[in-house]
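S.K.: structure, please.
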Amino acid sequence: MRCCDYTIQLIIATNIKNKKLANQFNRSFVALRYTIHYCCTSSIQRMTHQSSTLLRRLEISVAEAEKRTGKNTVNMQETFTVYLIETRPIDAITDGHNPAPDSLWRRYSEFELLRNYLLVTYPFIVVPPLPEKRAEFVWHKLSADNLDPDFVERRRVGLENFLLRVASHSVLSNDKILYHFLTEEHEWKEVVYETGFQAKADSRIKALSATFRVKNPDKRFTEMRHYSDELQSITSQLLRVRARVADRLYGVYKVHGNYGRVFSEWSAIEKEMGDGLQSAGHHMDAYAASVDDILEEEEHYADQLKEYLFYAEALRAVCRKHELIQYELETASSDLVSKKHQREELATGMVRTFSFKGMTNKLFGQEAPEQREARLGLLEEQIVEGEETVKEKTSECQEYVKDAWVDIQRFKEQKDRDLREALVSYAVMQISMCKKGIQVWTNAKECFQKM
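M.R.: The predicted model follows:
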C-alpha cells in the first residue's frame with residue numbers, strides 16, 4: 001500500500017470522535033487492505049499461484065471475542081476466551097447476494113492445535129505464527145492480563161490475520177483440516193487426531209542432535225538459520241526500545257495535563273489574563289488526553305513487529321527439519337559404506353587385525369565356510385536395502401530443499417513488503433503526532449498573545 005493510503009486511514013480514524021468506532025474502522029481498513037492485496041493484485045504470477053487459494057473462494061473473519069467460564073480437563077472451573085469465526089462464499093457476494101455468514105466458536109488452544117498440525121504436515125513451509133498468548137514487551141500502563149479486553153481485542157485481530165495468511169497460502173489453504181476448522185464446529189479435534197500427525201512430529205532432542213552432528217550442511221539453510229536468529233534478536237530489541245519510548249511519551253503527555261491544571265488555577269486569580277490562561281489550559285488538557293489513542297495505535301504496529309518476531313522461530317523450524325533430513329541421509333550413507341566394507345572383508349578373507357572381527361577370529365578361530373556364506377548373503381540383502389534407503393533419502397532431501405527454498409523466498413518477499421508498510425505507516429503516525437503537538441502549542445501561543 002502506498003504512503004497516501006496510510007495518510008487517508010490516519011486522517012479518517014483521527015476525525016472519528018468515538019473511540020470504539022475509530023478502532024472498528026482501523027480493523028476494517030487493515031482487513032480490506034489485506035484482502036485487496038491477495039485478491040486484486042495485478043501480478044500475473046501471484047494470480048496464477050493463488051487462483052485456487054481458499055481466500056479467493058471464502059470470506060474469512062474473526063468477528064468477535066467472548067469470555068466464558070467452564071470446567072477444564074481436571075474438572076476445575078476456569079475462565080477462558082472464545083473467538084467467533086465467520087465465513088461466507090465469495091461467489092455469493094460477487095453475484096450480488098449477501099447471505100448470512102456461517103459461524104462457529106474456537107478457543108485459542110484450537111488455533112494452536114491447527115498450527116501444530118500444519119507444522120508437522122508441511123515442514124517445508126514457513127507456517128504463519130499465532131499472536132502471543134500472554135502480553136510481552138508491555139509498557140507500564142498496558143495490562144499484562146491475558147483476559148484484559150484490549151489485549152483480547154488485539155489477539156482477535158492477530159488470530160484473524162493468522163487465518164488470512166494461511167487461507168492465502170497456495171499450499172496450506174487447500175488442506176482439508178483447515179477447511180474443517182473453519183466450517184465444522186463439532187468433532188473437529190477428532191478429525192485432526194485421526195491424521196496421526198503427533199506420531200510424525202520430530203522430537204526436540206532428535207532435531208538438536210542433528211544440528212550438531214550433521215557433517216555437510218547446506219550453506220543456504222545455515223545462513224538462513226543465522227538470519228532467523230538475527231531477525232529475532234533485532235525485532236525483540238526494537239520492541240523493548242519501543243516500550244521504553246512509550247513509557248516516556250506517556251509521561252511527557254501527562255505532564256501537559258499538569259500544565260492545563262496550573263493554567264486553569266492561575267486563570268482564577270487573574271482578571272485580564274484569565275481568559276487566555278483558561279483557553280491555554282484547555283488545549284493542554286486535550287493534548288494530554290490524546291496520548292491514550294496514540295499509544296493504542298502504536299500497539300497495532302508493535303503487533304506487526306511481534307508477528308515477525310514469532311516468524312523467526314517458524315523459519316528456524318524449516319532449517320532444523322532440513323538438518324534432520326540431511327543427518328538421516330548422511331547416517332544412511334555411512335551405514336551403507338560400512339556394510340560394503342564388511343562385504344569386501346568377507347569376500348577376500350582380509351580382516352583388519354585390530355578390528356572387532358579380527359580380534360574374535362584370533363580368540364575363537366576362523367568362521368566355517370557355511371557361516372561366511374550366510375553372513376555374506378545377509379550383507380548383500382542389507383546393502384540392497386541400504387542403497388534403496390540412500391536413494392529415498394537423497395530424493396527426499398532434494399525435494400525438501402526445492403520446496404522449502406521456494407517458500408522461504410515467498411516469505412522473504414512478504415516480510416520485506418509487510419515491514420516496509422508497517423514502518424512507513426508508523427512514520428506517518430509519528431509525523432501526524434508531532435504536527436498535533438505543534439498545533440497545540442501554536443494555539444497556546446495565540447492564547448498568550450491575546451492576554
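S.K.: what average pLDDT does stretch 187-202 get?
M.R.: Averaging pLDDT along stretch 187-202 gives 85.
S.K.: meant to ask about stretch 406-426
M.R.: 94.
S.K.: so how far is the helix or strand harbouring Phe263 off the chain centroid?
M.R.: For Phe263, the enclosing helix or strand under DSSP states H and E is helix 219-267. Mean-position distance between helix 219-267 and its chain equals 21 Å (Cα atoms, centre = their mean, to the nearest Å).
S.K.: now swap in stretch 332-340 and tell me
M.R.: That offset, for stretch 332-340, works out to 41 Å (Cα atoms, centre = their mean).
S.K.: now the residue nearest the centre of the chain, nearest residue through space, not along the chain?
M.R.: Centroid check for the chain by Cα atoms, centre = their mean gives Pro129 as the closest residue, at 2.4 Å. Closest residue to Pro129 apart from its sequence neighbours, by Cβ to Cβ, 6 or more residues apart in numbering: Phe310 at 3.4 Å. Where C-beta positions appear, they are placed from N, C-alpha and C, glycine not excepted.
S.K.: likewise for Glu59?
M.R.: Arg88 (4.4 Å).
S.K.: assign the one you found to helix, strand or coil.
M.R.: Following DSSP: H, G, I helix; E, B strand; the rest coil, we place Arg88 in the strand state.
S.K.: so it sits against Ser103, correct?
M.R.: No - contact status for Arg88 versus Ser103: not in contact, 9.6 Å apart, counting by Cβ atoms under 8 Å.
S.K.: look at these two and report which has more neighbours.
M.R.: Shown here are Arg88 and Ser103; by other Cβ atoms under 10 Å, Arg88 has more neighbours (18 against 14).
S.K.: quick check: next helix or strand after the helix or strand bottoming out on mean pLDDT in the chain?
M.R.: Here the helix or strand of the chain ranked lowest by mean pLDDT, DSSP states H and E is helix 44-50, holding a mean of 37. Per DSSP H and E, the first helix or strand lying C-terminal to helix 44-50 is strand 58-71.
S.K.: which neighbours does that following strand have in its sheet, and in what orientation?
M.R.: Next to strand 58-71 in the sheet, as set by DSSP bridges, lie strand 77-89 (antiparallel).
S.K.: what are the buried residues along the strand it pairs with?
M.R.: Buried residues in strand 77-89, defined by neighbour count with 16 or more other Cβ atoms under 10 Å: Thr81, Val82, Tyr83, Leu84, Ile85, Glu86, Thr87, Arg88.
S.K.: now do stretch 396-403
M.R.: Neighbour-count burial for stretch 396-403 [16+ other Cβ under 10 Å]: Cys397, Tyr400, Val401, Asp403.
S.K.: isn't Leu54 right next to Tyr179, touching?
M.R.: Yes - counting by Cβ under 8 Å, Leu54 touches Tyr179, with 7.0 Å between them.
S.K.: using the three-state scheme, assign Leu346.
M.R.: Per three-state DSSP, Leu346 ends up helix.
S.K.: what about it, neighbour count?
M.R.: Quick note: Leu346 (other Cβ under 10 Å) scores 17 neighbours.
S.K.: circling back to that earlier point, after the helix holding Phe263 comes which helix or strand?
M.R.: In N-to-C order, the element after helix 219-267 by DSSP H and E is helix 274-289.
S.K.: can I get that following helix as PDB, trimmed to CA atoms?
M.R.: Provided in PDB are the C-alpha atoms of helix 274-289 (Å, rounded to 0.1, in the frame of the first residue of the first chain):
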ATOM      1  CA  GLY A 274      -7.800  34.900  32.900                       C
ATOM      2  CA  ASP A 275      -9.500  34.000  29.600                       C
ATOM      3  CA  GLY A 276      -6.200  33.400  27.800                       C
ATOM      4  CA  LEU A 277      -4.800  31.200  30.600                       C
ATOM      5  CA  GLN A 278      -8.100  29.300  30.700                       C
ATOM      6  CA  SER A 279      -8.000  28.600  26.900                       C
ATOM      7  CA  ALA A 280      -4.400  27.500  27.000                       C
ATOM      8  CA  GLY A 281      -5.200  25.200  29.900                       C
ATOM      9  CA  HIS A 282      -8.000  23.600  27.800                       C
ATOM     10  CA  HIS A 283      -5.600  23.000  24.900                       C
ATOM     11  CA  MET A 284      -3.100  21.300  27.200                       C
ATOM     12  CA  ASP A 285      -5.800  19.100  28.700                       C
ATOM     13  CA  ALA A 286      -6.900  18.000  25.300                       C
ATOM     14  CA  TYR A 287      -3.300  17.300  24.300                       C
ATOM     15  CA  ALA A 288      -2.700  15.200  27.400                       C
ATOM     16  CA  ALA A 289      -5.800  13.100  26.900                       C
END
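S.K.: if you average pLDDT over that helix, what comes out?
M.R.: pLDDT averaged over helix 274-289 gives 90.
S.K.: tell me what it is packed against?
M.R.: Judged by 3 or more Cβ pairs under 8 Å, 6 or more residues apart in numbering; DSSP states H and E, helix 274-289 is in contact with helix 219-267, helix 369-449.
S.K.: can you list the low-confidence ranges for this protein?
M.R.: Counting by pLDDT under 70, the chain contains low-confidence residues at 1-51, 72-74, 92-97, 137-145, 202-212, 349-371.
S.K.: do that again at 50, thanks
M.R.: 1-17, 19-20, 23, 25, 27-50, 354, 363-364 (pLDDT under 50).
S.K.: could you chop it up by domain?
M.R.: If you go by automatic domain parsing, the domain ranges for the chain are 1-40, 54-201, 202-349+375-451.
S.K.: how long is the second one end to end?
M.R.: Using Cα to Cα, to the nearest Å, one end of domain 54-201 lies 26 Å from the other.
S.K.: quick check, distance from it to the centre of its chain.
M.R.: 13 Å.
S.K.: what do you get for the longest one?
M.R.: Shown here is domain 202-349+375-451, whose average C-alpha point lies 8 Å from the average C-alpha point of the whole chain (Cα atoms, centre = their mean).
S.K.: counting neighbours, what do you get for Glu184?
M.R.: Neighbours around Glu184, by other Cβ under 10 Å: 13.
S.K.: what segments of the stretch 1-150 of the chain are helices?
M.R.: 3-15, 19-39, 44-50, 90-94, 108-121, 149-167 (DSSP state H, counting those that start in this stretch).
S.K.: and the residue nearest to Glu59, how far is that from Phe181?
M.R.: Arg88 is 16 Å from Phe181, where distance means Cβ to Cβ, to the nearest Å.
S.K.: and if you look at Ile294?
M.R.: From Ile294 to Phe181 the distance is 36 Å (Cβ to Cβ).
S.K.: what's the answer for Pro128, then?
M.R.: For Pro128, the distance to Phe181 - Cβ to Cβ - is 14 Å.
S.K.: so who does the spatially closest residue to Glu387 that is not a sequence neighbour touch?
M.R.: Leaving aside its sequence neighbours, Glu387 sits nearest to Leu336 (Cβ to Cβ, 6+ apart; 6.4 Å). Shown in contact with Leu336 (Cβ atoms under 8 Å, 6 or more residues apart in numbering): Ile383, Gly386, Glu387, Thr389, Val390.
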